[in-house]
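Trainee: got a structure for you, letters missing:
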DNA sequence: GTGAAAGCGCTAACAA
DNA sequence: TTGTTAGCGCTTTCAC
């Protein structure tokens, strides 16, 4: 592969000049520039990104750390992050921690600052806990922080999941539902805590009582939602609506209801949060509260860049993504039993 | 951040020695090694991967080029590829081409050989066409090549999709189905051609006639399958089974059938190919032919490494992944009308 | 405008 | 066993 030096030699100039031409820095004579450009074309020169990174003291890469890129929501975020990175001439490294904090740390130690100029970390309690207090070689941005009102110690992009849950719950309440059960896709104090609190708050505000048996904590998956919904739907009297803290459990709840011979939304309304692609595409299309995934990714990449350029000195280390938006679809409808 | 030189100075040795300690090369005195190790610990030294890459002439990264990481199958492959890469101390770069060949080329030109030591390219006609005949700076491996019997001009990992389709079709035939329609998730000569041929071959072998109206070509998505199935199911007499070249259209077909008041699998059996996570998790669980995703990813990463190390000289540039496996689940059952 | 020179942090012969 | 010496390919002052 042709190098800068070669191009310089062939063009009868010095490496510095070629470099200047390449990046439009410094003054270069029109004729010289043309000759250099021509030579570059001719030999098919391409700058060596690693060498450039070494010289510039900063790699053209940012890393995205997730538990598993195969988890349904992450690819959508990753896609948006990659596009945002690409727009700035950066490349995206994917780091799957496989739920193993050791792997997360290893990734961090290896690439932070040496292969990636910064790290985007998906908001998982594990990661946050292990990152907090660490002295970092390169900036970190927590993505999808769930509480804009409670900034973490690390830079972050916050999405108001509390508001999302309120939006979802109010939608159900507006439709006349009063017996509303909830499926929470994490343990009590887990990552969906803000959403659960939003649900509780909305119910409280509406003056609708809520008992412990109306809530199931489970894993954030279709299966988890399926099982939880089965339990919830066996209650007497049966709930007329189910609020799920995420789309996957909501999707599972639909299956559970259908399998029990219930019609969605006639017998039971179901709503989720996030609005993943699958929510839109599956039948019946899931009513959900859309999280601004793309905007959050953009903000995250931008914030990371700022941190890289200006260091920890920047004033506001939390960016708040646009508010969630209700996406009414086919799984929610007016409460039937109400008119009874 | 501490550098090798600093560590060397503090440990009272030279950089070469520290380097040797770090990589277990050369002979280093026990005492010296201990002192160096200690210093490394003390100052929290971490090797600079970019610098190392420059010196070694090869970056510790491989790139995965896909049209969009958010396409349901890719994340599963990407996860497997990342794990395989990680096992060899490599990092995975994600490149979304967004279906745009220009972006694909740009990625290629920029990072091939300079930021990534090799490229994994998902088998899309576009990419293959544009890569063929190019002089490459770094090795390329085509992933998920669909015809083990027709090796491409580039190194590749092949998965026998023809066999997968035969497996799926035979499953339907064995269940007694004769009126079988097909949903092909690509244009006629597209990426699913081998699967469609497998379907045709199996039908022919079984002596079951097939007319043009029994086949719909559509896009590889739930929606695509939904629409195609609607058309197919309106035929008289109605098919008793649908073969889809991919899981997503198969999932869409289930919804279409259900929406038309048909019961799956009582009224209509549906089978897909790939066995994506969603196929297992959605209800009813989709019968599918599992593609060896993990094995293919492992083979791809291994082949790429070989190409990087030994160049184009290696004898066999095609690796064939293990055969597909039928995964009978809840969407296929015996043909009811047969006993009529 | 263009060139010379000094690195960026690390590896890899080859000496000692 | 350890040190010396060259780079890897590029950027970036600072002279000319």
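Mentor: Arrived safely. The structure displayed is predicted, hence computed values, not measured ones.

Trainee: Chain A: helices as residue ranges?
Mentor: For chain A, applying DSSP state H gives helices covering A:4-11, A:15-23, A:30-43, A:49-56, A:73-87, A:101-111, A:125-131, A:161-174, A:193-205, A:222-233, A:247-259, A:277-281, A:293-310.

Trainee: Single out the most deeply packed of the ones you listed.
Mentor: helix A:247-259 (a mean of 26; mean count of other C-beta atoms under 10 Å in any protein chain shown). The C-beta positions use only the backbone N, C-alpha and C, and glycine is treated the same way.

Trainee: Can you name the residues in contact with it?
Mentor: Defining contact as C-beta atoms under 8 Å, 6 or more residues apart in numbering or on different chains, one finds that helix A:247-259 is touched by A:72, A:183, A:185, A:218, A:220-230, A:232-233, A:242, A:244, A:263-264, A:267-268, A:270-276, A:278-279, A:282, A:284, A:286, A:288, A:331, B:281-283.

Trainee: quick one on the thing from earlier: what's the least confident stretch among the helices of chain A?
Mentor: Mean pLDDT values for the helices of chain A show the minimum at helix A:125-131, a mean of 60.

Trainee: a markdown table for the helices of chain A, including distance to residue A:117?
Mentor: Conversion of these to a markdown table gives the following (distance: least, C-beta to C-beta, whole Å):
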| stretch | distance to residue A:117 |
| --- | --- |
| helix A:4-11 | 22 |
| helix A:15-23 | 18 |
| helix A:30-43 | 26 |
| helix A:49-56 | 9 |
| helix A:73-87 | 10 |
| helix A:101-111 | 10 |
| helix A:125-131 | 17 |
| helix A:161-174 | 29 |
| helix A:193-205 | 30 |
| helix A:222-233 | 37 |
| helix A:247-259 | 33 |
| helix A:277-281 | 30 |
| helix A:293-310 | 5 |
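
Trainee: Can you check which of these gets nearest to residue B:106?
Mentor: Set against residue B:106 and scored by C-beta to C-beta, these come closest in helix A:73-87, at 8.8 Å.

Trainee: Write out the residues of the stretch 151-300 of chain A neighbouring chain B.
Mentor: A:221-223, A:226, A:251-252, A:255-256, A:258-259, A:277-278, A:281-283 (C-beta under 8 Å from any C-beta of the partner chain).

Trainee: count of residues packed around the closest residue to DNA strand C within the stretch 101-250 of chain A?
Mentor: As assessed by C-beta to the nearest atom of the strand, DNA strand C sits closest to residue A:114 within the stretch 101-250 of chain A, at 7.7 Å. The tally of other residues near residue A:114 (other C-beta atoms under 10 Å in any protein chain shown) stands at 22.

Trainee: For the closest residue in space to it that isn't next to it in sequence, give its distance to residue A:54.
Mentor: Closest residue to residue A:114 apart from its sequence neighbours, by C-beta to C-beta, 6 or more residues apart in numbering or on different chains: residue B:49 at 4.2 Å. Separation of residue B:49 from residue A:54 (C-beta to C-beta, to the nearest Å): 10 Å.

Trainee: now do residue A:172
Mentor: Counting by C-beta to C-beta - residue A:172 and residue A:54 are separated by 56 Å.

Trainee: Next: residue A:123.
Mentor: Taking C-beta to C-beta as the measure, residue A:123 falls 32 Å from residue A:54.

Trainee: what do you get for residue A:86?
Mentor: 22 Å.

Trainee: Tell me the residues of the stretch 1-150 of chain A that contact chain B?
Mentor: Residues of the stretch 1-150 of chain A lying near chain B (C-beta under 8 Å from any C-beta): A:1, A:46-51, A:53-54, A:59-61, A:68-70, A:74-76, A:78-79, A:82-83, A:86, A:91-96, A:98, A:103, A:109-111, A:113-115, A:135, A:137.

Trainee: check those residues against DNA strand D, which are close?
Mentor: Among those, the residues within reach of DNA strand D (C-beta under 7 Å from any atom of the strand) are A:1, A:47, A:48, A:51, A:54.

Trainee: Which residues of chain A lie near DNA strand D?
Mentor: Counting by C-beta under 7 Å from any atom of the strand, the residues of chain A near DNA strand D are A:1, A:3-5, A:15-16, A:19-20, A:22-23, A:25-26, A:45, A:47-48, A:51-52, A:54-56.

Trainee: Out of the ones next to DNA strand D among the residues of the stretch 1-150 of chain A next to chain B, which comes closest to residue A:297?
Mentor: Nearest to residue A:297 out of these is residue A:47 (C-beta to C-beta; 27.1 Å).

Trainee: Need the per-residue pLDDT for the closest one.
Mentor: For residue A:47, the model assigns a pLDDT of 96.

Trainee: And residue A:189, by the same measure?
Mentor: Value for residue A:189, per-residue pLDDT: 81.

Trainee: any idea how far it is from DNA strand D?
Mentor: 47 Å (C-beta to the nearest atom of the strand, to the nearest Å).

Trainee: Roughly how far does that residue sit from residue A:63?
Mentor: Between residue A:189 and residue A:63 the distance is 28 Å, computed by C-beta to C-beta.

Trainee: so what's residue A:93 bridging to?
Mentor: Using DSSP bridges, the beta-bridge partners of residue A:93 come out as residue A:63, residue B:93.

Trainee: how near is it to residue B:41?
Mentor: Residue A:93 sits 26 Å away from residue B:41, taking C-beta to C-beta as the criterion.

Trainee: what does residue A:67 give?
Mentor: Residue A:67 is 29 Å from residue B:41, by C-beta to C-beta.

Trainee: Quick check: residue A:268 touching residue A:233?
Mentor: Yes. Assessed by C-beta atoms under 8 Å, residue A:268 is found in contact with residue A:233 at 7.1 Å.

Trainee: measure the residue of the stretch 201-340 of chain A found nearest DNA strand D to DNA strand C for me?
Mentor: Nearest residue of the stretch 201-340 of chain A to DNA strand D: residue A:309, at 12.7 Å (C-beta to the nearest atom of the strand). Counting by C-beta to the nearest atom of the strand, the separation of residue A:309 from DNA strand C is 17 Å.

Trainee: same check, this time on residue A:48
Mentor: From residue A:48 over to DNA strand C (counting by C-beta to the nearest atom of the strand), the distance is 11 Å.

Trainee: Likewise for residue A:31?
Mentor: Taking C-beta to the nearest atom of the strand, one finds residue A:31 at 6 Å from DNA strand C.

Trainee: Also residue A:56?
Mentor: From residue A:56 to DNA strand C the distance is 8 Å (C-beta to the nearest atom of the strand).

Trainee: before we move on, back to that, residue A:189 and residue A:63: which has the busier surroundings?
Mentor: residue A:63 (27 against 9).

Trainee: isn't residue A:305 right next to residue A:88, touching?
Mentor: Yes. Applying C-beta under 8 Å as the test, residue A:305 and residue A:88 come out as touching, 6.4 Å apart.

Trainee: so residue A:81 makes contact with residue A:301?
Mentor: Yes. At 6.0 Å, residue A:81 counts as touching residue A:301 under the criterion of C-beta under 8 Å.

Trainee: Among the ones next to DNA strand D among the residues of the stretch 1-150 of chain A next to chain B, list the two that are farthest apart in space.
Mentor: Farthest apart among those by C-beta to C-beta are A:1 and A:54. That separation is 16.6 Å.

Trainee: For residue A:51, give me its contacts.
Mentor: Here residue A:51 is in contact with B:54, B:114 (criterion: C-beta under 8 Å, 6+ apart).

Trainee: right, I mislabeled it, should have said residue A:27
Mentor: When contacts are counted by C-beta under 8 Å, 6+ apart, residue A:27 touches residue A:20.

Trainee: do residue A:331 as well
Mentor: With C-beta under 8 Å, 6+ apart, residue A:331 has these contacts: A:250, A:254, A:264, A:265, A:269, A:270, A:271, A:284, A:285, A:286, A:287.
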